[in-house]
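Asker: Just a sequence and a predicted model for now, questions to come.
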Amino acid sequence: MIVLGKETKALAMLLSGFLLWAGAFLLIYFTQATGCSLGWQEIEVFGPLSLQRGALIVLYLLACGMHLGLIYAFGRSDTRAESAFAHQTGRALAFAALAASLFCFAGILWLTAC
Amino acid sequence: MKKAAEPGSLTLHKALSEVWGTKPGLGQLAAVNHSTIGKRFMITAAVFFAIGGLLAMLIRTQLATSSSPFMEEGVYAQVFTMHGTIMMFLFAIPMLEGAAIYLLPKMLGARDLAFPRLTAYGYWCYLFGGTMLLMALLFGVAPDSGWFMYTPLSSSTYSPGINADVWLLGVTFVEISALCAAVELIVSILKLRAPGMSLERMPIFAWYMLVVAGMMLVGFPPLILGSILLEAERAFDLPFFDPTRGGDPLLWQHLFWLFGHPEVYIIFLPAAGMVSTFLPVFAGRPLAGYRAVVVSVIAMGFISFGLWVHHMYTVGIPHLALGIFSAASALVTIPTAIQIFAWLATLAHGRPRFSIPMLYVFGFLFVFVLGGLTGVMLAMVPFDWQAHDTHFVVAHLHYVLVGGFVFPLLGAAYYWLPHLTGRFPLLQLSKAAFWLIFIGFNVTFFIMHLTGLRGMPRRVHVYPQEPGMELFNLISSLGSFVMTIGFALVLLDFVLQIRFGRLAGRNPWKAGTLEWAMPTPPAPYNFASLPKITGRADQLDPDALGPQLAAGKGYLGFVRNGQMETLAVDAVSGRLEQIIVLPRSTFLPLLTALMTGVFFLLMLFKLYALAPFALIGVAGMFLVWTRATGARQDLDTLDAGCGETAPVHFQSRGAPSEWAMALTLVANGTLYASLLFGGLFLWVSAPNWPVAQTTFHNDRLVQIITLFVLAVALFASRQSVRTGAQGRIGWLAALAASHLVAAALFGWMAYGIVPLNTQHALFAVIFAVHFYAGFHALLGVVFALYGIWHVLGGYVSPMRDLDLRIGARFHAYAASAGILALVFVWQLAMLGSGGDPA
């Protein structure tokens, strides 16, 4: 119903980086809580790697991959002519969001999950 | 359309004043003008600030000695709860709303906000909700569970009176105004700008407020949901927060702090936006790093939502979750620091004039940076465990909130008061007032770090007579009285300036923003004609621009058919797009707010059977609002002045009201998502899950029929805006029928859960989800019938289908929410019964 016009595209460019961060944040927090509730930390899937940590690492990598994909998309995007400001600002925010994800979720690699 | 002949400045002024002015006497109650409403917001917020301050004095009097008999504990609980509630909900947010409502149209080169009646409705809701809370204080039944109302203390078992209900209903009533303001501000910033003002040319304050309004839009719904659920528990015994029946008090904490932490930034960012606006004026050079500041403000808006659990470090959370929230808490300092360095760089590269607003900037930086540093300390989990719920936290939050809001706000008040009043101060009271506030504040609150580290808990009315503790508290209390004298002096200074100040003239600070390109105090229409913007809107020349606009040499330099007109632009490029015809002054916002107040009072006094009638009354009044809009014939494009034409808004794609509906649905969707996540949270975390023995029956046949009906509604919502006039009526009728059937079926399913919904939170959640979906289906019926009425009344044509497009968005949302409700209930019932749905 909502047509992605020029206005919506510009807003999407500005918000996409941190929307991705917010989505990853919720998904990782929800997975961590659900996994603990279901006892995933007791299930070993790959040597000492538990299902809980494995699932969280997959999400972490997925989030970082999507951030990188977004940055790549900004590099190839043809929307610069439409709104150079939104494009450049959105690209800076995409980099900032990647840094935020790398920093915020790094604890997945070593902290006690449950 | 009849257009008046091009008049001279004075004739134009008279013609515009006639159309835009508010009538005197009782007519003032019908005011919808943004300057009037903005001033009302600010004055009312200032009154609440004084009341909150008075309560703070009572608190400090009580704590001046260790075992003071000044207040007994019950009264003290009411006083500190109301102090926090008033300062957060009735002072800080409304004050920033008022400032934004007053300033933004002027800075953006518009004559008003997008929805003036909504602004007025929001103000009345704020006033009535706030009055409700104050009346409770006078009658001794004020909330007494702390300003964040933790359960189970606030549940009916431990707070059996109406005290907690006053908070839940009163604050929700006030929050209506915050949501109205959020929608209003976002749409106005994006659409109602002067032609040529592209995104990169917006004044920096508009960027700040755009982010803040977005945060309000998604930050307030979780608290509104929490308040509704807690009130439902108290009123109807639905055990969302009762751990003995599958609920969890932590659900309240999550919902509260999902709002509560962003709230800190919702309060701070507008103040920072004001500093970013007036500091460059006094530095004599543009703000350094405009784009970096925009990036940091947007980043801050998002990251501030990822910190809410740092208020809950001590509730027992796994290390990993603590690590994530602690990292986010530390991370938010980076965008904050970027802004602070931008201000310092602006000062360093300029030739600063140290006027009174700059004195408050010094106070702001000093106090806020200290608060930020203790914030970093508290963001670290081990330290927080030591300092949690002590006066150290009280000191930190006051350093952040007073430093981050009150100091810059006072600076902004001194900066913009000449705009409001057209006058400059005569006496030099302001400097003395500043130093009294600054010294008094630091004496009061710095010492609380020490008492807090010594273990003094919050919210106690007596404390041990340990060495030093009593002396520290006495000094703190003395400091608070010094600070109060400072605030009293500020008030006196303002009164003297308004009454006796010397005339300020246009643009007294030599600023570069548009609000100074008008006579002060401003006329109700702001600009006699609207400007064409060719550069960044904080580097303009108001002294040259103002007289040209006053002479009608810009856009819309005329009055057409006695209409209130302003312009809308493409949100990105700032290209002229639409001519907005605004509604005139009306009593409807006041009457609708009164009817809304009746609903809340009926709920407060537990007259639940009558409350739905008040809601119907509110819906009916909103329908009356629509009589002032629309047309029965297509209009040609209109002359906008400056040789350009544009269509009227109700014949345009992307009209402000279309944006408003989309944004309202974002807020609504956030509330719904919070409810669904709340249900999943209880499944994951609450005790007494899964349900030992369930007698709940999912009636598959009813669910399948409901699914089919909702699918029909979803399809019909798309078709209702794609077909010709007669076809529209058919699809709208199909929509009305399908929504009605869906509402009945959801009602039937909800009724089927009674009385199980009081026995376990699983059923309470399912009941709430069904209720939500059914309520929205009912609203869908109203929207569909309204659409039919409009088509039959000749208000709709292929060019004039705005109302149907707005309705289609709601229909699609209601149908999708219903489908999601069915899937969610099916899943939760399975999970909640241990994987075996009955």
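Answerer: In hand now; what should we look at?
Asker: by contact count, what packs against the helix ranked longest in chain A?
Answerer: Longest helix in chain A by number of residues (criterion: DSSP state H): helix A:6-38. When contacts are defined as 3 or more CB pairs under 8 Å, 6 or more residues apart in numbering or on different chains; DSSP states H and E, helix A:6-38 sits against helix A:51-76, helix A:84-104, helix B:290-303, helix B:319-331, helix B:656-685. The C-beta positions use only the backbone N, C-alpha and C, and glycine is treated the same way.
Asker: If you count neighbours, what's buried in that helix?
Answerer: The neighbour-count check on helix A:6-38 (16 or more other CB atoms under 10 Å in any protein chain shown) flags A:6-7, A:9-11, A:13-18, A:20-22, A:24-25, A:28-29, A:31-36 as buried.
Asker: Provide the secondary structure category for the closest residue to chain A within the stretch 151-300 of chain B.
Answerer: Per CB to the nearest CB, the residue of the stretch 151-300 of chain B with the smallest distance to chain A is B:E200, at 3.7 Å. Taking DSSP: H, G, I helix; E, B strand; the rest coil as the rule, one finds B:E200 in the helix state.
Asker: Determine if any part of stretch B:652-660 is in contact with chain A.
Answerer: Yes. Contact of stretch B:652-660 with chain A is found when judged by CB under 8 Å from any CB of the partner chain, involving B:G654.
Asker: what's the weakest-modelled helix or strand in chain A?
Answerer: strand A:44-46 (a mean of 87; mean pLDDT, DSSP states H and E).
Asker: So which bits of the stretch 551-700 of chain B are right by chain A?
Answerer: Taking CB under 8 Å from any CB as the measure of proximity, the stretch 551-700 of chain B contacts chain A at B:D570, B:A571, B:V572, B:S573, B:G654, B:A662, B:F677, B:L680, B:F681, B:W683, B:V684, B:S685.
Asker: How many residues are close by residue 51?
Answerer: By default, I'm working from chain A. 17 (other CB atoms under 10 Å in any protein chain shown).
Asker: try chain B instead
Answerer: B:I51: 19 neighbours (other CB under 10 Å).
Asker: Could you do B:Q465 as well?
Answerer: For B:Q465, the count of nearby residues is 10 (other CB under 10 Å).
Asker: and what of B:Q28?
Answerer: Neighbour count for B:Q28, taken as other CB under 10 Å: 12.
Asker: quick one, phi/psi of the most centrally placed residue in chain B?
Answerer: Centroid-nearest residue in chain B, with CA atoms, centre = their mean: B:A178, separated by 2.8 Å. B:A178 has phi and psi values of phi -70, psi -40 when expressed as degrees, to the nearest 10.
Asker: That one touches B:F220, doesn't it?
Answerer: Yes. Using CB atoms under 8 Å, B:A178 makes contact with B:F220 at a distance of 5.5 Å.
Asker: quick revisit: most tightly packed of the helices and strands packed on helix A:6-38?
Answerer: helix B:290-303 (a mean of 23; mean count of other CB atoms under 10 Å in any protein chain shown).
Asker: That helix near chain A at all?
Answerer: Yes. On the criterion CB under 8 Å from any CB, helix B:290-303 is in touch with chain A at B:R291, B:V294, B:V295, B:I298, B:A299, B:G301, B:F302, B:I303.
Asker: Then stretch B:774-790?
Answerer: No. Stretch B:774-790 stays clear of chain A (CB under 8 Å from any CB), getting no nearer than 14.0 Å.
Asker: and that stretch, which residues are buried?
Answerer: B:774-788, B:790.
Asker: can you give me the mean pLDDT across that stretch?
Answerer: What stretch B:774-790 shows for mean pLDDT is 95.
Asker: Only alpha carbons, please: show that stretch as CSV.
Answerer: Written as CSV, here are the backbone C-alpha positions of stretch B:774-790 (Å, rounded to 0.1, in the frame of the first residue of the first chain):
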residue,chain,number,x,y,z
GLY,B,774,-11.7,-7.1,17.7
PHE,B,775,-11.4,-3.5,18.7
HIS,B,776,-9.5,-2.7,15.5
ALA,B,777,-12.1,-4.6,13.4
LEU,B,778,-14.8,-2.4,15.0
LEU,B,779,-12.8,0.7,14.2
GLY,B,780,-12.6,-0.7,10.6
VAL,B,781,-16.4,-0.7,10.5
VAL,B,782,-16.4,3.0,11.4
PHE,B,783,-13.8,3.8,8.7
ALA,B,784,-15.7,1.8,6.1
LEU,B,785,-19.0,3.4,6.9
TYR,B,786,-17.4,6.8,6.8
GLY,B,787,-16.0,6.0,3.4
ILE,B,788,-19.4,5.1,2.1
TRP,B,789,-20.9,8.3,3.5
HIS,B,790,-18.2,10.3,1.8
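Asker: For chain A, give me its nearest residue in the stretch 651-800 of chain B.
Answerer: Closest approach between the stretch 651-800 of chain B and chain A, counting by CB to the nearest CB: B:V684, at 4.4 Å.
Asker: With adjacent residues omitted, what lies nearest to that residue?
Answerer: A:S37 (4.4 Å; CB to CB, 6 or more residues apart in numbering or on different chains).
Asker: And B:Q465, by the same measure?
Answerer: Using CB to CB, 6+ apart and skipping the chain neighbours, the partner closest in space to B:Q465 is B:S66 (4.6 Å).
Asker: and what of B:P243?
Answerer: B:P687 (5.1 Å).
Asker: Quick check: which element contains the one you found?
Answerer: Of the helices and strands defined by DSSP states H and E, none includes B:P687.
Asker: before we move on, what about B:A640?
Answerer: With DSSP H and E as the test, B:A640 turns up in strand B:638-641.
Asker: Partner strands of that strand, with direction?
Answerer: Applying DSSP bridges to the sheet, strand B:638-641 is found paired with strand B:644-646 (antiparallel).
Asker: distance between the strand it pairs with and the chain's centre?
Answerer: Taking the mean of its C-alpha atoms, strand B:644-646 sits 34 Å from the chain's own mean (CA atoms, centre = their mean, to the nearest Å).
Asker: Same question for that strand: list its buried residues.
Answerer: For strand B:644-646, using 16+ other CB under 10 Å, the buried residues are B:A646.
Asker: which other residues reach that strand?
Answerer: Strand B:644-646 is contacted by residues B:P195, B:Y555, B:L567, B:L576, B:E577, B:Q578, B:I579, B:T637, B:L638, B:D639, B:A640 when judged by CB atoms under 8 Å, 6 or more residues apart in numbering or on different chains.
Asker: PyMOL command to pick out the buried ones of those residues?
Answerer: A single PyMOL command suffices to select whichever of those are buried according to 16+ other CB under 10 Å:
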select buried, chain B and resi 195+555+567+576+577+578+579+638+639+640
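Asker: from the contacts of strand B:644-646, which is closest to chain A?
Answerer: B:E577 (9.8 Å).
Asker: how about that closest one, phi and psi?
Answerer: Note on B:E577: backbone dihedrals following degrees, to the nearest 10 are phi -130, psi -40.
Asker: shouldn't it be in contact with B:D570?
Answerer: Yes. Assessed by CB under 8 Å, B:E577 is found in contact with B:D570 at 5.1 Å.
Asker: Stretch B:246-260 vs chain A: in contact?
Answerer: No. Stretch B:246-260 is not in contact with chain A by CB under 8 Å from any CB; minimum separation 10.5 Å.
Asker: The stretch 201-350 of chain B against chain A: which residues are in contact?
Answerer: Counting by CB under 8 Å from any CB, the stretch 201-350 of chain B comes close to chain A at B:291, B:294-295, B:298-299, B:301-303, B:305-306, B:318-321, B:323-324, B:327-328, B:331.
Asker: All set now, cheers.
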